[in-house]
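Chemist: one predicted model, sequence on top.
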Amino acid sequence: MSSFLELHDVGMSYHSMKGEIPALSHISFSVNEGEFVALVGPSGCGKSTLLNLIAGLLHPEQGNITIKGIPLHETNVSIGYMLQKDHLFEWRTVYENVILGLEIQKKMTPEHLSHTEQLLENYGLSSFRNARPSQLSGGMRQRAALIRTLALKPSLLLLDEPFSALDYQTRLTVSDDIGKIIRSEHKTALLVTHDISEAISMADRVIILTKSPASIKIILPIQLSIPERTPMKSRSAPEFSKYFNIIWKELNTFD
Ligand code: ADP
Ligand code: MG
């Protein structure tokens, strides 16, 4: 695996009427191609800010971000962003929703459309193509939102607490589902979550952030001795509780 995304000493503050609000401080880490990295940290510590910087929606005040060694704003790599709300439009069918990104970006080519068709087929939404979002379960809606993101063939997937709006049971199955899809599509992914179990069950490495302004506390590689690493099966790995305790302790000690 080669290094795909790199952050070097990234710092960022918000400037408001009340003054300067430091959000990120000296953040450096890298993500390898095909790797799944989770970011956990206290509420309000700067996780969404960090994803917005990587998405290119905000610019770092300090440091730099590169993709495959090229500064972020000079690359043409496609970055997919998935948020807590699925943002599916009720006035469009499921199919019309999943091709929305292609429409906006003028990428309705036969190649992209047949890829989207394949995604719908592979992930069980083909027969719901003419349904409205309200006819889908919460999990299926999230799957449709992921397919809409994957339709654009992003090289990097950013997920900001994508399961937070779901109840606990649904959350378990949906994170398993989405985790499997991301793995089978061999995507490089960065997931923000405040759920420790979710982070361990889905990620190859977990980055733990300090309270605001966020800096990196530790980066923890997750190695589970189970034959097949699906999010659900990971939860019963013998090492799971050890990792849970390490992360819990890190999140609850303030130095
Ligand atoms: P998290 O996603 O970890 O909950 P955020 O990145 O959303 O944290 O926010 C980090 C800090 O920056 C918080 O203190 C928040 O209040 C502040 N913040 C976020 N967005 C803005 C903004 N647009 N203007 C001013 N302050 C902001
Ligand atoms: Mg956030």
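Modeler: Looks like it came in fine. Ligands and ions are numbered 1, 2, ... in the order given.

Chemist: C-alpha from now on. contacts and neighbour counts both.
Modeler: OK.

Chemist: average pLDDT across stretch 98-110?
Modeler: What stretch 98-110 shows for mean pLDDT is 93.

Chemist: buried ones in it?
Modeler: By neighbour count with 16 or more other Cα atoms under 10 Å, stretch 98-110 contains the buried residues Val98, Ile99, Leu100, Gly101, Leu102, Lys107, Met108.

Chemist: chain neighbours aside, what residue packs nearest to the first one?
Modeler: If the residues on either side of it in the chain are set aside, Val98 comes closest to Arg148, at 4.0 Å by Cα to Cα, 6 or more residues apart in numbering.

Chemist: the buried residues of stretch 98-110 in helices, which ones?
Modeler: Among those, DSSP state H puts Val98, Leu100, Gly101, Leu102 in helices.

Chemist: out of those, which two sit at the greatest distance?
Modeler: Val98 and Leu102 (8.3 Å; Cα to Cα).

Chemist: give the residues shared as contacts by the two.
Modeler: Overlap of the contact sets of Val98 and Leu102 (by Cα atoms under 8 Å, 6 or more residues apart in numbering) consists of Ala151.

Chemist: circling back to that earlier point, looking at the buried residues of stretch 98-110, which is nearest Ser30?
Modeler: Using Cα to Cα, those come closest to Ser30 at Gly101, 27.7 Å.

Chemist: of the ones in helices among the buried residues of stretch 98-110, closest to Gln169?
Modeler: Val98 (25.3 Å).

Chemist: contacts only, for that closest one.
Modeler: Counting by Cα under 8 Å, 6+ apart, Val98 touches Thr116, Ala144, Ala145, Ile147, Arg148, Thr149, Ala151.

Chemist: Glu90 now?
Modeler: Taking Cα under 8 Å, 6+ apart as the test, what Glu90 contacts is Arg132, Pro133, Ser134.

Chemist: CA atoms only: put stretch 223-241 into CSV for me.
Modeler: Extracted in CSV, the C-alpha atoms of stretch 223-241 (Å, rounded to 0.1, in the frame of the first residue of the first chain):
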residue,chain,number,x,y,z
GLN,A,223,-5.6,-5.9,14.2
LEU,A,224,-8.3,-8.4,14.8
SER,A,225,-7.7,-12.2,14.6
ILE,A,226,-10.8,-13.1,12.7
PRO,A,227,-10.8,-14.7,9.2
GLU,A,228,-13.2,-12.2,7.6
ARG,A,229,-13.2,-8.6,8.6
THR,A,230,-16.8,-7.4,8.4
PRO,A,231,-17.9,-4.7,10.8
MET,A,232,-20.3,-7.1,12.5
LYS,A,233,-17.9,-10.0,12.9
SER,A,234,-15.2,-7.6,14.1
ARG,A,235,-17.3,-6.9,17.2
SER,A,236,-16.8,-10.5,18.4
ALA,A,237,-13.0,-10.5,17.8
PRO,A,238,-11.1,-11.4,21.0
GLU,A,239,-9.1,-8.1,20.8
PHE,A,240,-12.2,-5.9,20.5
SER,A,241,-12.6,-5.0,24.2
